[in-house]
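# mind looking at a prediction? Sequence and model below.
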Amino acid sequence: MIRIENMTKSYPSKLGPQYIFRDLNFDFPTENNVAILGKNGTGKSTLFRLLAKSEYPDRGRIVTNKAMSWPVALQTGIHPQMTGRENTRFIGRINNVRSLARYEEKVQEFAEVGKRFDLPVKNYSSGMRAKLVFACCMNIDFDIYLIDEATSVGDPIFRKKARASLKEKSEQAGVIMVSHELDQIREFCTSAVVIDEGKLTYYADLEEGISVYTQESK
Ligand SMILES: Nc1ncnc2c1ncn2[C@@H]1O[C@H](COP(=O)(O)OP(=O)(O)OP(=O)(O)O)[C@@H](O)[C@H]1O
(Lines give C-alpha, C1' and ligand atoms only; values in the text may rest on other atoms or scores of the structure.)
Protein backbone atom coordinates (compact mmCIF):
# COMPACT_ATOMS: atom_id res chain seq x y z
CA MET A 1 0.00 0.00 0.00
CA ILE A 2 1.23 3.50 -0.89
CA ARG A 3 -1.34 6.13 0.07
CA ILE A 4 -0.83 9.82 -0.66
CA GLU A 5 -2.90 11.84 1.79
CA ASN A 6 -3.70 15.56 1.36
CA MET A 7 -0.23 16.16 0.00
CA THR A 8 0.95 19.62 -1.00
CA LYS A 9 4.43 20.17 -2.42
CA SER A 10 5.84 23.44 -3.65
CA TYR A 11 9.23 24.92 -4.41
CA PRO A 12 10.07 28.56 -3.74
CA SER A 13 10.75 30.68 -6.81
CA LYS A 14 11.15 34.37 -7.67
CA LEU A 15 7.52 34.27 -8.77
CA GLY A 16 6.42 32.91 -5.39
CA PRO A 17 5.79 29.28 -4.42
CA GLN A 18 5.53 26.98 -7.38
CA TYR A 19 3.00 24.26 -6.55
CA ILE A 20 3.75 20.82 -7.97
CA PHE A 21 0.96 19.06 -6.02
CA ARG A 22 -1.89 20.64 -4.08
CA ASP A 23 -4.01 18.68 -1.56
CA LEU A 24 -3.36 15.51 -3.53
CA ASN A 25 -5.08 12.27 -2.47
CA PHE A 26 -4.14 9.14 -4.37
CA ASP A 27 -3.79 5.40 -3.75
CA PHE A 28 -0.65 4.57 -5.64
CA PRO A 29 -0.91 1.11 -7.27
CA THR A 30 1.59 -1.49 -6.03
CA GLU A 31 0.29 -4.71 -7.52
CA ASN A 32 2.34 -4.46 -10.70
CA ASN A 33 5.12 -2.49 -12.36
CA VAL A 34 4.02 1.07 -12.90
CA ALA A 35 5.29 3.76 -15.26
CA ILE A 36 5.01 7.40 -14.23
CA LEU A 37 4.34 9.42 -17.37
CA GLY A 38 4.08 13.16 -17.83
CA LYS A 39 5.47 16.09 -19.73
CA ASN A 40 8.75 17.75 -18.70
CA GLY A 41 8.39 19.58 -15.41
CA THR A 42 5.10 17.97 -14.33
CA GLY A 43 6.72 16.57 -11.18
CA LYS A 44 7.73 12.97 -11.93
CA SER A 45 11.14 13.24 -10.24
CA THR A 46 9.62 15.26 -7.40
CA LEU A 47 7.07 12.50 -6.81
CA PHE A 48 9.93 9.98 -6.76
CA ARG A 49 11.83 11.95 -4.15
CA LEU A 50 8.65 12.19 -2.06
CA LEU A 51 7.99 8.44 -2.38
CA ALA A 52 11.59 7.68 -1.38
CA LYS A 53 11.34 10.19 1.49
CA SER A 54 14.45 11.96 0.27
CA GLU A 55 12.19 15.05 0.28
CA TYR A 56 9.12 15.84 2.35
CA PRO A 57 5.79 17.43 1.40
CA ASP A 58 4.90 20.91 2.70
CA ARG A 59 1.69 19.40 4.07
CA GLY A 60 0.09 15.97 4.09
CA ARG A 61 1.93 12.65 3.96
CA ILE A 62 2.67 9.42 2.14
CA VAL A 63 1.77 6.31 4.10
CA THR A 64 3.32 3.01 3.03
CA ASN A 65 4.22 -0.42 4.35
CA LYS A 66 6.68 -1.04 1.46
CA ALA A 67 10.47 -0.83 1.62
CA MET A 68 11.33 1.48 -1.26
CA SER A 69 14.72 2.04 -2.85
CA TRP A 70 16.08 5.52 -3.28
CA PRO A 71 15.50 6.96 -6.80
CA VAL A 72 18.24 5.01 -8.54
CA ALA A 73 19.27 7.59 -11.11
CA LEU A 74 20.12 10.06 -8.40
CA GLN A 75 23.61 9.94 -7.09
CA THR A 76 22.48 11.30 -3.74
CA GLY A 77 24.08 9.61 -0.78
CA ILE A 78 27.34 9.06 -2.65
CA HIS A 79 30.13 10.95 -0.93
CA PRO A 80 32.90 12.07 -3.31
CA GLN A 81 35.66 12.02 -0.67
CA MET A 82 34.85 8.45 0.33
CA THR A 83 35.99 5.43 -1.69
CA GLY A 84 33.58 3.24 -3.62
CA ARG A 85 33.94 0.61 -0.90
CA GLU A 86 33.29 3.09 1.92
CA ASN A 87 30.24 4.45 0.13
CA THR A 88 28.98 0.92 -0.45
CA ARG A 89 29.46 -0.02 3.19
CA PHE A 90 27.68 3.14 4.28
CA ILE A 91 24.73 2.50 1.97
CA GLY A 92 24.64 -1.14 3.11
CA ARG A 93 24.58 -0.10 6.77
CA ILE A 94 21.79 2.43 6.46
CA ASN A 95 19.74 -0.12 4.52
CA ASN A 96 20.34 -2.85 7.12
CA VAL A 97 22.26 -5.20 4.80
CA ARG A 98 23.20 -8.27 6.89
CA SER A 99 26.47 -9.42 5.34
CA LEU A 100 28.36 -6.24 4.47
CA ALA A 101 31.48 -8.09 3.25
CA ARG A 102 29.43 -10.13 0.74
CA TYR A 103 27.51 -7.00 -0.26
CA GLU A 104 30.76 -5.12 -0.97
CA GLU A 105 31.99 -8.02 -3.10
CA LYS A 106 28.79 -8.15 -5.14
CA VAL A 107 28.72 -4.38 -5.68
CA GLN A 108 32.39 -4.26 -6.72
CA GLU A 109 31.82 -7.01 -9.26
CA PHE A 110 28.54 -5.63 -10.62
CA ALA A 111 29.77 -2.02 -10.87
CA GLU A 112 32.86 -3.12 -12.84
CA VAL A 113 35.06 -0.59 -11.06
CA GLY A 114 37.85 -3.10 -10.28
CA LYS A 115 40.68 -1.76 -8.14
CA ARG A 116 39.22 1.72 -8.26
CA PHE A 117 36.68 0.50 -5.71
CA ASP A 118 39.28 1.59 -3.14
CA LEU A 119 39.76 5.07 -4.63
CA PRO A 120 37.68 8.13 -3.67
CA VAL A 121 34.57 8.43 -5.83
CA LYS A 122 35.65 11.94 -6.91
CA ASN A 123 38.23 10.12 -9.08
CA TYR A 124 35.48 8.23 -10.94
CA SER A 125 33.94 9.24 -14.25
CA SER A 126 30.23 10.12 -14.09
CA GLY A 127 29.40 6.79 -15.80
CA MET A 128 31.40 4.88 -13.19
CA ARG A 129 29.64 6.74 -10.40
CA ALA A 130 26.25 5.94 -11.88
CA LYS A 131 27.23 2.27 -12.20
CA LEU A 132 28.27 2.19 -8.54
CA VAL A 133 24.93 3.64 -7.41
CA PHE A 134 23.01 1.21 -9.61
CA ALA A 135 25.04 -1.73 -8.27
CA CYS A 136 24.48 -0.61 -4.66
CA CYS A 137 20.73 -0.48 -5.23
CA MET A 138 20.31 -3.73 -7.17
CA ASN A 139 22.17 -5.68 -4.50
CA ILE A 140 19.67 -4.73 -1.79
CA ASP A 141 16.29 -6.45 -1.57
CA PHE A 142 13.61 -3.78 -1.66
CA ASP A 143 9.85 -4.29 -2.09
CA ILE A 144 9.82 -1.56 -4.74
CA TYR A 145 12.60 -0.16 -6.92
CA LEU A 146 12.27 3.46 -7.98
CA ILE A 147 13.93 3.69 -11.38
CA ASP A 148 14.39 7.16 -12.89
CA GLU A 149 15.85 6.78 -16.39
CA ALA A 150 18.38 4.53 -14.67
CA THR A 151 18.73 1.81 -17.23
CA SER A 152 20.35 4.44 -19.46
CA VAL A 153 23.34 4.24 -17.13
CA GLY A 154 26.81 3.41 -18.47
CA ASP A 155 28.00 1.97 -21.75
CA PRO A 156 25.90 -0.40 -23.91
CA ILE A 157 27.32 -3.54 -22.28
CA PHE A 158 26.56 -2.29 -18.80
CA ARG A 159 23.12 -1.12 -19.91
CA LYS A 160 22.29 -4.63 -21.07
CA LYS A 161 23.42 -6.03 -17.73
CA ALA A 162 21.49 -3.33 -15.82
CA ARG A 163 18.29 -4.14 -17.72
CA ALA A 164 18.71 -7.90 -17.14
CA SER A 165 19.25 -7.32 -13.43
CA LEU A 166 16.22 -5.06 -13.16
CA LYS A 167 14.12 -7.56 -15.10
CA GLU A 168 15.11 -10.28 -12.64
CA LYS A 169 14.27 -8.04 -9.67
CA SER A 170 10.93 -7.05 -11.19
CA GLU A 171 9.83 -10.70 -11.12
CA GLN A 172 9.79 -10.70 -7.30
CA ALA A 173 9.58 -7.00 -6.46
CA GLY A 174 7.70 -3.97 -7.76
CA VAL A 175 9.18 -1.36 -10.08
CA ILE A 176 8.03 2.24 -10.37
CA MET A 177 9.71 3.76 -13.38
CA VAL A 178 10.12 7.20 -14.90
CA SER A 179 11.43 7.29 -18.44
CA HIS A 180 10.67 9.19 -21.61
CA GLU A 181 11.78 6.09 -23.55
CA LEU A 182 8.57 4.24 -24.30
CA ASP A 183 10.42 1.06 -25.34
CA GLN A 184 11.92 0.87 -21.90
CA ILE A 185 8.55 1.55 -20.26
CA ARG A 186 6.96 -1.23 -22.32
CA GLU A 187 9.75 -3.64 -21.38
CA PHE A 188 9.26 -3.22 -17.62
CA CYS A 189 5.81 -1.83 -16.89
CA THR A 190 2.25 -3.11 -17.19
CA SER A 191 0.33 -0.04 -16.01
CA ALA A 192 0.78 3.72 -15.81
CA VAL A 193 0.15 6.77 -13.67
CA VAL A 194 -0.09 9.93 -15.75
CA ILE A 195 0.73 13.26 -14.07
CA ASP A 196 -0.87 16.35 -15.52
CA GLU A 197 -1.23 19.71 -13.81
CA GLY A 198 -0.74 18.25 -10.35
CA LYS A 199 -3.31 15.46 -10.85
CA LEU A 200 -2.47 11.76 -10.96
CA THR A 201 -4.55 9.30 -13.01
CA TYR A 202 -4.07 5.55 -12.93
CA TYR A 203 -4.37 3.42 -16.08
CA ALA A 204 -4.40 -0.33 -15.44
CA ASP A 205 -3.71 -0.74 -19.14
CA LEU A 206 -0.26 0.63 -19.94
CA GLU A 207 -1.10 1.32 -23.60
CA GLU A 208 -4.10 3.44 -22.58
CA GLY A 209 -1.85 5.48 -20.27
CA ILE A 210 0.76 5.89 -23.03
CA SER A 211 -1.93 6.99 -25.45
CA VAL A 212 -3.24 9.66 -23.01
CA TYR A 213 0.31 10.82 -22.29
CA THR A 214 1.31 11.06 -25.92
CA GLN A 215 -1.88 13.00 -26.74
CA GLU A 216 -1.15 15.42 -23.85
CA SER A 217 2.43 15.84 -25.03
CA LYS A 218 1.32 17.03 -28.47
N1 LIG B 1 14.89 21.70 -5.94
C2 LIG B 1 14.05 22.43 -6.68
N3 LIG B 1 13.94 23.77 -6.49
C4 LIG B 1 13.08 24.51 -7.19
N5 LIG B 1 12.27 24.02 -8.17
C6 LIG B 1 12.36 22.70 -8.41
C7 LIG B 1 13.24 21.84 -7.69
N8 LIG B 1 13.09 20.58 -8.17
C9 LIG B 1 12.16 20.64 -9.13
N10 LIG B 1 11.72 21.91 -9.28
C11 LIG B 1 10.65 22.36 -10.20
O12 LIG B 1 9.55 21.51 -10.00
C13 LIG B 1 8.94 21.19 -11.25
C14 LIG B 1 8.87 19.69 -11.40
O15 LIG B 1 10.19 19.20 -11.60
P16 LIG B 1 10.50 17.65 -11.80
O17 LIG B 1 11.98 17.53 -11.98
O18 LIG B 1 9.87 16.87 -10.72
O19 LIG B 1 9.75 17.37 -13.18
P20 LIG B 1 9.82 16.10 -14.14
O21 LIG B 1 8.42 15.78 -14.51
O22 LIG B 1 10.62 15.02 -13.51
O23 LIG B 1 10.57 16.73 -15.39
P24 LIG B 1 11.50 16.07 -16.55
O25 LIG B 1 10.59 15.22 -17.41
O26 LIG B 1 11.96 17.27 -17.28
O27 LIG B 1 12.60 15.31 -15.89
C28 LIG B 1 9.74 21.90 -12.33
O29 LIG B 1 9.06 23.09 -12.66
C30 LIG B 1 11.05 22.20 -11.67
O31 LIG B 1 11.61 23.38 -12.16
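Arrived safely.
# for Y202, helix, strand, or coil?
strand (DSSP: H, G, I helix; E, B strand; the rest coil).
# measure it to the ligand for me?
17 Å (Cβ to the nearest ligand atom, to the nearest Å). Just so you know, the C-beta spots here come from the backbone N, C-alpha and C atoms, and that holds for glycine as well.
# was I right to think that residue contacts S191?
Yes. Under the criterion of Cβ atoms under 8 Å, Y202 makes contact with S191 at 7.0 Å.
# shared neighbours of the two, which are they?
P29 (Cβ atoms under 8 Å, 6 or more residues apart in numbering).
# so which of those two has more stuff around it?
S191 (17 against 14; other Cβ atoms under 10 Å).
# identify the bridge partners of that one.
Beta bridges link S191 to V34, judged by DSSP bridges.
# which ones are touching it?
S191 touches 29, 32-35, 202-206, 209, counting by Cβ under 8 Å, 6+ apart.
# from V212, how far off is it?
Between S191 and V212 the distance, using Cβ to Cβ, to the nearest Å, works out to 12 Å.
# hmm, back to that, which one of the contacts of S191 is nearest the ligand?
A35 (12.7 Å; Cβ to the nearest ligand atom).
# contacts only, for that closest one.
A35 neighbours (Cβ under 8 Å, 6+ apart): 177-179, 185, 188-189, 191-193, 206, 209-210.
# out of the residues you listed, which is most surrounded?
So for these (other Cβ under 10 Å), the most neighbours sit at M177, 28 neighbours.
# what about that one, which helix or strand?
Taking DSSP states H and E as the definition, one finds M177 inside strand 174-178.
# one more: M7?
Here M7 is assigned to strand 2-11, by DSSP H and E.
# what of R159?
helix 156-172.
# with G209 instead?
helix 206-216.
# next, the buried residues of that helix.
206, 209-210, 212-213 (16 or more other Cβ atoms under 10 Å).
# state the mean pLDDT of it.
The average pLDDT for helix 206-216 rounds to 92.
# let's number from 56 now, not from 1
Right, with 56 as the first residue, what we last looked at is helix 261-271.
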